[in-house]
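**Student:** Give me the fold of what follows.
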Amino acid sequence: MNPPSAPGAAAGILLAAGAGKRMGGPKALIVGADGEGWLHRGVRVLLEAGCDPVVVVLGASADDAAELLRAGYASELASGRVRIAVAAGWAEGLGASLRTGIAAVRALPAVPLSSVSAVSAVSAVAITLVDLPGLEVAAVQRVLQGAGPRTLRQAFYEGRPGHPVVVGAEHLPDLAEALAGDEGARPYLRAHGVEEVDCTDLGGGSDVDTPG
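**Tutor:** Numbers count the residues shown, from 1 in each chain. Predicted structure coming up:
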């Protein structure tokens, strides 16, 4: 599935910058029992769900992770469907990594409508984490369905918040401003009335923090 970039399309952000201390190393470098790397799987899920481009935010062992991406997604990197953004402040926590991803999405070139006007390259962004090897394409598609510039949605699994989170383009500047330290988007989502999308039937809501 290779949906073309178009006005109103969704971008993806895959957060893969952490050192994975409890895991014994960066999660971006982990290969699952099925032989698919978590980094590759995260990118694949977002692409297959219709996100274009997918911004991969790296930090710890960024060079090694980027090499893995080049090995699996060389053509997508060359075309711009997959983009790498390195979070200089990744050690500060999730907030710094998400700010880097948002900045990369907001820097995408506008799509021209005519010789005198243009629109933003994307209207919404699906955000997820590299340590969700159980996340399904269908869950991303469900939360993305009909998303627009004012959308604010989050997948819920058995009543618990999870991923993906879908943020409309109009929210991105304020969300980036609100991010700090290791705190992600949750306070902003709560404060602005995030829409809960039940994805319990699709599984994949739990992150993996320790081996085994």
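**Student:** rest of the way, CA atoms for contacts and neighbours
**Tutor:** Will do.
**Student:** how about the helix or strand containing residue 188: buried residues?
**Tutor:** Assessed by DSSP states H and E, residue 188 sits inside helix 186-191. For helix 186-191, the neighbour count (16 or more other CA atoms under 10 Å) marks 188, 189 as buried.
**Student:** Other residues contacting that helix?
**Tutor:** 152, 175, 178 (CA atoms under 8 Å, 6 or more residues apart in numbering).
**Student:** can you give me the helices for the protein?
**Tutor:** 38-48, 62-72, 74-79, 94-106, 137-144, 172-178, 186-191 (DSSP state H).
**Student:** May I have the last one as CSV, with CA atoms only?
**Tutor:** The reference is to helix 186-191. What follows is helix 186-191, C-alpha atoms only, in CSV (Å, rounded to 0.1, in the frame of the first residue of the first chain):
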residue,chain,number,x,y,z
ARG,A,186,-1.1,13.1,28.0
PRO,A,187,-1.6,16.4,30.0
TYR,A,188,-2.4,18.3,26.8
LEU,A,189,-4.8,15.5,25.6
ARG,A,190,-6.7,15.6,28.9
ALA,A,191,-6.8,19.3,29.1
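**Student:** Just confirm residue 42 contacts residue 14, I think it does.
**Tutor:** Yes - in terms of CA atoms under 8 Å, residue 42 counts as a neighbour of residue 14; the distance is 6.7 Å.
**Student:** joint contacts of the two?
**Tutor:** With CA under 8 Å, 6+ apart as the test, residue 42 and residue 14 both reach 128, 129, 130.
**Student:** Show the contacting residues for the first one.
**Tutor:** Pointing back at residue 128 there. 12, 13, 14, 15, 42, 163, 164, 165.
**Student:** before we move on, what about the second one?
**Tutor:** Listed by CA under 8 Å, 6+ apart, the contact set of residue 129 reads 14, 15, 16, 42, 163.
**Student:** residues touching the third one, list them.
**Tutor:** Counting by CA under 8 Å, 6+ apart, residue 16 touches 27, 28, 39, 56, 57, 58, 59, 129, 130, 131.
**Student:** Could you single out the nearest of the contacts of residue 128 to residue 88?
**Tutor:** Nearest to residue 88 among the contacts of residue 128, counting by CA to CA, is residue 15 at 13.4 Å.
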